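**Student:** Quick one: sequence and predicted model below, then my questions.
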Amino acid sequence: MKINRYSVSMALCASLVGCNSHPNELRSTGGSELGAKMAAPVGEPIQAVLTQAPDVPPAITRKSPAKVVVEIEVKEVTMPISEGVNYTFWTFGGKVPGEFIRVRQGDTVEFHLQNHPDNKMPHNIDLHAVTGPGGGATSTFTAPGHQTQFTFKALNQGLYVYHCATAPVGMHIANGMYGLILVEPPEGLKPVDREYYVMQGDFYTVGKYREKGLQPFDMQKAIEENATYVLFNGSEGSMVGEKALPAKVGETIRLFVGNGGPNLVSSFHVIGEIFDKVYPEGGSHYQENVQTTLIPSGGAAIVEFRLEVPGTYIIVDHSIFRTFNKGALGMLKATGDEVTAIYSGKEVDDVYLGDKAASGSGKAVAKATAEMKSGTLTLESQIAAGEALFKGTCSTCHMETGLGVPSVFPPLAKSDFLMNDKARSIGVVLNGLSGAVTVNGTKFNSVMPPMSQLNDDEIANILTYVRNSWGNKGTAVTAAEVTAVRASSKRPPGAAE
Amino acid sequence: MLASLFLVWAIFAPVHAEKVETSFYDLEAQMTDQDGKSISLDYFRGHSVIVTMFFSSCPHACPMLIARLRSIEAKLTKEKRLNARFLLISFDPKVDTPAALLALQERHGVDSSRWRFATPKIESKISEIAAVLGIKYRKMPEGGYSHSSIFAVLDSYGKIKYRGEALQEDAEVFVEYLGK
Amino acid sequence: MIWLILSLMLTQERALTENPMILAGPGILRPFYPPSESEKEIKVEAFELQQHAVTNAEFLKFVMEKPKWRRDKVSPLFVDSTYLSLWESPTRLGKQISPKQPVVFVSWFAAKAYCESIGARLPTHFEWELAAAASEAQADSRSDMTWRQKILDWYGKPAPERLPNVMGNKPNFWGLYDLHGLIWEWVQDFNSILLSSDSREAGKLDQAKFCGAGAIGASETDDYPSFMRLGFLSSLEAAYTTKTLGFRCAKDRMKGK
């Protein structure tokens, strides 16, 4: 492979000229750390292990800086973006997102970029982890069928995006040319049970969402930021169903999450989980107990969470129409035993009566109310309204048949006690009744709670119904009568006035 | 009889040479130098050469180029200086006549036995020479040329040993390669 | 000697009848990336451009007549290792190759030498862009979004297994075929298009190429096809050859035409 000295010298020159679009300042953390950062590589050069999403290369265990050789091939390839929809992606390593690179702070990285001869376009790479002109872009501008190389020192730890920076940059990124490079701190990251690689991107096609066939890139939509697809890992359903990320209850999961853009910022959230730790923007400090974290376009974040209960956790961009209408949906499946103390699952599934909704009030009651207002209240209307109100309140004890419960709740049907004294009945409904009563020759000794929370006209309608049902025949009860009894009697303690 | 013939053939037959490294002189071009003489591109074959391109009416970069070359020359050991040659090729045949080139030589006081200023006779050769040296240039509408400033160091076969930014890189690098 | 001249003339004639020179221009070009303030509008004189890209057959004839351009004899100064790699042998196309396909895997040096052998030259970038601004119907189609999107679509696809033959589609306004949708084409000044008087250092050239790629200085920010051609050309060195890069020749306009 030819070391293009001219490119290197141009890069050197360009650095002097000041073409530096991604300045990464050295942290002023003291001389000794700077010395450590500039230390020479130890041992034989290592060939970097690169992985395709969602896998991550193994954690680095060595304690000294090394020379790491990274070789990435750019390939322009047509693949499905959604079921039945194909798209020509430009890729680092054959898939979107590009391969995950893992090095250690202080490593010297010898980077080789290969542009496959079948490609039509020139490409290069800008790694946000690089301190130097264009992040490497000036040194890696590569024509199809050729390769370039440059070397950089990973001065800063963190999780960084890399992407193609060939003009028009937006188009190259929109076609999938982005990935992540992790620069571990010298002491390494705290070990977790599983690590995964997830990268969000927005895609712009001439056809509509899920319109079948080979869809070309739509420059105009990209300029307007009108995304057709918003996807994790380059295709719809890349982490869904059988491709869901597997995990076990009790495990601590670490996600390296990138956002290639080109345009949209991500509101990254995992439904059903809270991030115990978030390293916003892949930096060195973490926040705790985060529900949703913002990942800028061209940025990244590290999130960690411990799986407490089993189930399928949905990974989303919480700009939620992107999830349900543009494909930004992934899954993490945690298997294991239920832990009902934390999450019980459904405990009650019952009818909810609402206010008086289940008593069937509605038409009948409304009609009666209206008639009362206009002074045209009829017996029929009262009975109908009363029936609606009786059900669900009184019928609980006295039953819809009016027969009551033998030895427990007295009947209303053909009840002498009820029909003999109208005023007394009103009083019982208003104030309740306890103690011994004899109804139709049978003794009852129970407690009827007061129903004083009902309105006068409601009580009037109920009693009218009761006095005209199940063989009872009686006059209507008016609201005024109820008002009179209410006024002249006392409510038991605790009852409504 | 056959065996001896074979022996003769084996001794005197040309050994199949290793592929000769690419030489700058694979490009053939005729030029006119500051003395009005016809010289070919490989005029300095057999020597260590530093080649660049310029134009004499250039206001800033080209005088600096020549000054740089002189400082490189000065840094060479006496022995290395004897073998070193300087070839400056012009973009601008119309303006850079032998007289203009000679004036340049005088103005900078360089040793004419080791320095040649030359203009390609065929205009289309200029772009080829520039392409081989990796020099980008363009004739400006307002006159003059915009061009990158590159020094290329050739060995005695014409192989390009080193190519670098003329005005940005340390002179030492060129000194080192010229000496090889 | 006469035989030499005659055969040279015959070669030129043959090439020119098989792939005739067509008059194009004059016109005004508003380059996507003006090299300097004073060059926002470029007047392009009328010139002649070959009807279609130089084919395998045409290039084979050239290589037979000028053996120093055979892939087994050429100096590595002028080509890289994939020069004419699709041909079966240095002197034979082979069955996999159609004589009417555009010749590819040729370097700038090789293309230039071919054009000079037929008494022509490579077109300049501005000449090529002027010719390519035409659609079938009009001389300048660059504001036609549909036409532009079609070109962008071609850039989005990877190289096909087999390149189609030349002249497979309709010619453009000038009568030129395949300026879009077939191959990239060499131009004379492929690597110096962006040079201006204040980019003396190569560094500044990089700044134009890479920093803020495409935003600064671009005049018609939606002429992306032009931009992408600029990008592609600036990734090349003169000796490079690629699978989708070929050329056609140009000439100054003959007086009296």
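**Tutor:** It's in. Residues are numbered from 1 along each chain as shown, chains lettered A, B, ... in the order given.
**Student:** Which residue is the nearest non-sequential neighbour of residue A:483?
**Tutor:** residue A:456 (4.9 Å; CB to CB, 6 or more residues apart in numbering or on different chains). Every C-beta, even on glycine, is put in place using the N, C-alpha and C of the backbone.
**Student:** er, residue C:40 I mean
**Tutor:** residue C:34 (4.6 Å).
**Student:** isn't the one you found right up against residue B:141?
**Tutor:** No - counting by CB atoms under 8 Å, residue C:34 stays clear of residue B:141, with 11.2 Å between them.
**Student:** tell me, what residue is most central in chain B?
**Tutor:** Centroid-nearest residue in chain B: residue B:51, 3.0 Å away (criterion: CA atoms, centre = their mean).
**Student:** returning to what we had before: ok, the residue nearest to residue C:40 to residue C:133 distance?
**Tutor:** 15 Å (CB to CB, to the nearest Å).
**Student:** Three-state assignment for residue C:113, please.
**Tutor:** The assignment at residue C:113 comes out as helix when based on DSSP: H, G, I helix; E, B strand; the rest coil.
**Student:** now the helices for chain C?
**Tutor:** C:2-18, C:56-65, C:108-117, C:125-132, C:145-156, C:202-209, C:224-234 (DSSP state H).
**Student:** mean pLDDT for those: which is lowest?
**Tutor:** Ranked by mean pLDDT, those end with helix C:202-209 at the bottom, a mean of 40.
**Student:** where does the closest residue to residue A:125 other than its chain neighbours land on pLDDT?
**Tutor:** Leaving aside its chain neighbours, residue A:125 sits nearest to residue A:140 (5.1 Å; criterion: CB to CB, 6+ apart). What the model reports as pLDDT for residue A:140 is 86.
**Student:** what about residue A:140, neighbour count?
**Tutor:** As a burial measure, residue A:140 scores 30 neighbours (other CB atoms under 10 Å in any protein chain shown).
**Student:** just to revisit the earlier point, counting by contacts, list what whichever helix or strand the residue nearest to the centre of chain B is part of packs against.
**Tutor:** For residue B:51, the host element (DSSP states H and E) is strand B:48-54. In terms of contacts (3 or more CB pairs under 8 Å, 6 or more residues apart in numbering or on different chains; DSSP states H and E), strand B:48-54 is packed against helix B:61-75, strand B:84-90, helix B:123-133, strand B:150-154, helix B:171-179.
**Student:** tilt between that strand and strand B:150-154?
**Tutor:** On the basis of axes from the mean of the first three to the mean of the last three CA atoms, to 10 degrees, strand B:48-54 is oriented at 150 degrees to strand B:150-154.
**Student:** Quick check: neighbours of strand B:48-54 in the sheet, parallel or antiparallel?
**Tutor:** Looking at strand B:48-54 with DSSP bridges, its partner strands are strand B:84-90 (parallel), strand B:150-154 (antiparallel).
**Student:** Give me the spatial nearest neighbour of residue B:137, chain neighbours excluded.
**Tutor:** residue B:147 (3.6 Å).
**Student:** from memory the one you found sits against residue B:133, does it?
**Tutor:** No - at 10.6 Å, residue B:147 does not count as touching residue B:133 under the criterion of CB under 8 Å.
**Student:** what residue lies at the spatial centre of the chain?
**Tutor:** Here I'm looking at chain A. With distances taken as CA atoms, centre = their mean, the residue of chain A nearest its centroid is residue A:271 (3.8 Å).
**Student:** should've been chain C
**Tutor:** Centre-most residue of chain C, counting by CA atoms, centre = their mean: residue C:185, 2.7 Å.
**Student:** Please list all residues in contact with the residue lying closest to it once chain neighbours are set aside.
**Tutor:** With CB to CB, 6+ apart as the criterion, residue C:185 has its nearest non-adjacent residue at 5.2 Å, and that residue is residue C:247. Shown here is residue C:247, whose contacts under the criterion CB atoms under 8 Å, 6 or more residues apart in numbering or on different chains are C:53-54, C:106, C:111, C:114-115, C:122, C:185-186.
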